[in-house]
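*Asks:* quick one: sequence and predicted model below, then my questions.
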Amino acid sequence: MNNKLFIFFVYAIIFMVNTVVKYDEKSIKILEGLDAVKKRPGMYIGSTDKRGLHHLVWEIIDNGIDEIINGYGDKIIVTINKDKSITISDNGRGLPTGMHESGRSTPEVIYTVLHAGGKFSEGGYKVSGGLHGVGASVVNALSSWMEVTTHHEGEIGYIKFHDGGKVETPLKILGKTNKSGTTVTFLPNPEVFGNTTFSFTTIKERMQESAFLLSNLTIEVHDLEDDKHETFHYENGLTSFVEYINQDKKELHKPVIINSKKNNIEVDIALQYTEGYNETLLSFVNNVKTIDGGSHEVGFKTGLTKIFNDYAKSNNLIKSKEGNFDGTDVREGLTAVLNLRIPENILQFEGQTKGKLGTPEARSVVENIVYDHMKFYLEENREIALKIIEKASQSRLAREAARKAREEARSGRGKKKEERMMAGKLTPAQTKNPKINELFIVEGNSAGGTAKKSRDRKFQAILPLRGKIINTEKATDNDIFKNEEINSIIYCIGAGYGQEFDVKDSNYDKVIIMTDADDDGAHIQCLLLTFFYRFMRPLIEEGKLFIAMPPLFKVTTPDKKYKYFYPGEESEMKAYTESRSNYQIQRYKGLGEMNPEPLWETTMDPKTRNLIKVSINDGSLAERRVSTLMGDQVEPRKEWINENVEFSLEDNYSIN
Ligand code: 1YM
């Protein structure tokens, strides 16, 4: 070999070694990045429960939706597969298949480098705010395997990963195509997620919401395991959204549409008043739901309150001695959806889950737009204006009457005989400490009797309910407040109800619903939850409403050892009994049949009991769910129950 050739070889080897070393360093870094995700999944996706599991799906879907928002493509398909994996595809441009400067293919980089978001091209579109945009690589890191297929500029590219992001098949070109788009399939790692079953309902509801917000988008959702399919497409966007929320209610007018732009903030609003009393306000910013509201909602409320007061005054509809409408008066029966587009440079999300808009400008922008638009609308539509003002006046009257009644009840004056009787059913706690006291609402007198014997009388009060309480979703206010059981509850809690409810006045730190572990008990729970949701919602929002979990079985062995089993633990009990030769099973048919000690130990003793905290994950869904489950129409209820009720106990009872 001549010298030149030798030197060339030496250089070639040095070059190769260098490249390999660099490549390895990079790959180690990448794996370290993904390892961090595996070690602390919660930091990246919030949690590893059902919510976290679905977060993976939103992450991938959001990438597809971003592509469509940018004007590429108009369709997303989500398919839950039989093997528990999930496939998401869009018909956008497809992922580029070229090599990245690191020597890896672009799809490999997107799916293995943490925070490879921010997209590729300069001036590319904005990544959605909130929890989103943590990157497709996080999903890969938490998956047993993931496959990505891209149809891009005439070529089909394919890459596969396994074990949380290790490349199994590097990007290869499978052939030619005249389509474009991206398809991603992944199987969540069962070691990370306790439960890896995707919920068709959860996905479907979220996709429907996206379809309402993006009127050119079509979304299909399929569940191949249960053979369920839905397609969403709403040309009328937010208008359809509001009509959908109000579908079981009586509306006062056609939805009002507001679309305007100020200081670079684009505001879309649809609103519609109904004959009912509930307020539903939903808001989104850059297509991300702002569950905890924020400056835009504040602006919306202020603008609305101002315009109705100004309109009523200038049209002599408020007498000066009557005082102004407050916000809740002008929002009674209102359904409104806000959707804002805010440029990235002034976009701020706040709060623990980043569900609250911080951007201060949004407040005045929305307030002014709402004020101006509604002023024009009310002047143009006098009849509708009068109907809404009438409703607000009624609300103000009711509010004032309730306030007076509450003041009287507090001062003990005007306490009626019936009220004293109702309170007579209550077995109060010995001390009166609202910071620690607990109220057990118990089904039936016999269960009430056991509960009375079981309780710690110092701080636990027992209120037995005689029969089933009235369905507050279906009944008129008049019937509701004639109902004795409802009155007892309101009276015992002592903090008012409805708009006048003030959680600070509650006599109890915890209100605990304690029913039998059977169908009847579940029904009573439902009725009580509906009541609390409608009339004492802050009690739920403040985390003060609970459901007790009495056991269903007690298994005792000859050595006098025993163990309790709860609804849904049938298989655990089977395993327990099968591992023992001699045992006795006791089935509790109801709380009334239990002895005081076991009831105390399993269900009432704060040290040993398990309580389910009732929470509202998502206001609009809760609203729809309560309407569906407790309202007039039978069909939607049947459908929902058939689709969703597994008749087993879940660890978190949330209205979501
Ligand atoms: C089913 C999931 O990811 N679609 C998708 C993603 C991307 C592009 C197109 C795209 C973007 C750009 C140029 C650009 C990208 N996402 C990322 C990242 N669907 C799905 N469709 N060409 C194609 O922004 O300039 C990078 S490209 F990093 F955000 F994941």
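*Replies:* Structure's in. What do you need? Numbers count the residues shown, from 1 in each chain.

*Asks:* just the helices in the stretch 551-656 of the chain please.
*Replies:* For the stretch 551-656 of the chain, the helices defined by DSSP state H, counting those that start in this stretch occupy 570-578, 596-599, 619-630, 634-644.

*Asks:* need the least confident one among those, by mean pLDDT.
*Replies:* In terms of mean pLDDT, the lowest-scoring of the helices of the stretch 551-656 of the chain is helix 634-644 (a mean of 61).

*Asks:* point out where this structure drops to low pLDDT.
*Replies:* Per-residue confidence of the chain (counting by pLDDT under 70) places the weak regions at 1-32, 115-134, 405-424, 467-468, 617-656.

*Asks:* can we see that at 50?
*Replies:* Residues of the chain meeting the criterion pLDDT under 50: 1-2, 4-23, 116-134, 412, 414, 646-656.

*Asks:* can you give me the buried ones in stretch 323-343?
*Replies:* Neighbour-count burial for stretch 323-343, with 16 or more other CB atoms under 10 Å as criterion, is recorded at 325, 328-342. Any C-beta I mention is one placed from the backbone N, CA and C, and that applies to glycine too.

*Asks:* identify those among those that sit within helices.
*Replies:* The members of the buried residues of stretch 323-343 that map onto helices under DSSP state H are 328, 329, 330.

*Asks:* now render those residues as CSV, adding distance to the ligand.
*Replies:* Conversion of these to CSV gives the following (distance: CB to the nearest ligand atom, whole Å):
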residue, distance to the ligand
328, 42
329, 46
330, 42
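
*Asks:* could you pull out the strands in the stretch 351-500 of the chain for me?
*Replies:* Counting by DSSP state E, counting those that start in this stretch, residue ranges of the strands within the stretch 351-500 of the chain are 356-357, 438-443, 460-465.

*Asks:* what comes into contact with the first one?
*Replies:* Just to be clear, that refers to strand 356-357. Contacting residues not belonging to strand 356-357 are listed as 283, 285, 290-297, 340, 342, 348-350 [CB atoms under 8 Å, 6 or more residues apart in numbering].

*Asks:* pretty sure residue 137 sits against residue 114.
*Replies:* Yes. Counting by CB atoms under 8 Å, residue 114 is a contact partner of residue 137 at 5.4 Å.

*Asks:* which neighbours do the two have in common?
*Replies:* With CB under 8 Å, 6+ apart applied, the overlap between the contact sets of residue 137 and residue 114 consists of 33, 34, 37.

*Asks:* I'd like those residues as a markdown table, with distance to residue 303 appended.
*Replies:* Supplementary listing: the shared contacts of residue 137 and residue 114 in a markdown table, determined by distance: CB to CB, whole Å:
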| residue | distance to residue 303 |
| --- | --- |
| 33 | 45 |
| 34 | 47 |
| 37 | 43 |
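
*Asks:* and which of those residues is nearest to residue 223?
*Replies:* Proximity of those to residue 223, judged by CB to CB, is greatest for residue 37, which lies at 27.6 Å.

*Asks:* helix or strand: which one has the closest one?
*Replies:* Residue 37 is part of helix 3-39 when elements are defined by DSSP states H and E.

*Asks:* after that helix comes which helix or strand?
*Replies:* Proceeding N to C from helix 3-39, the next assigned helix or strand is helix 41-45, under DSSP H and E.

*Asks:* tell me the buried residues in that next one?
*Replies:* Neighbour counts using 16+ other CB under 10 Å place 41, 44, 45 of helix 41-45 among the buried residues.
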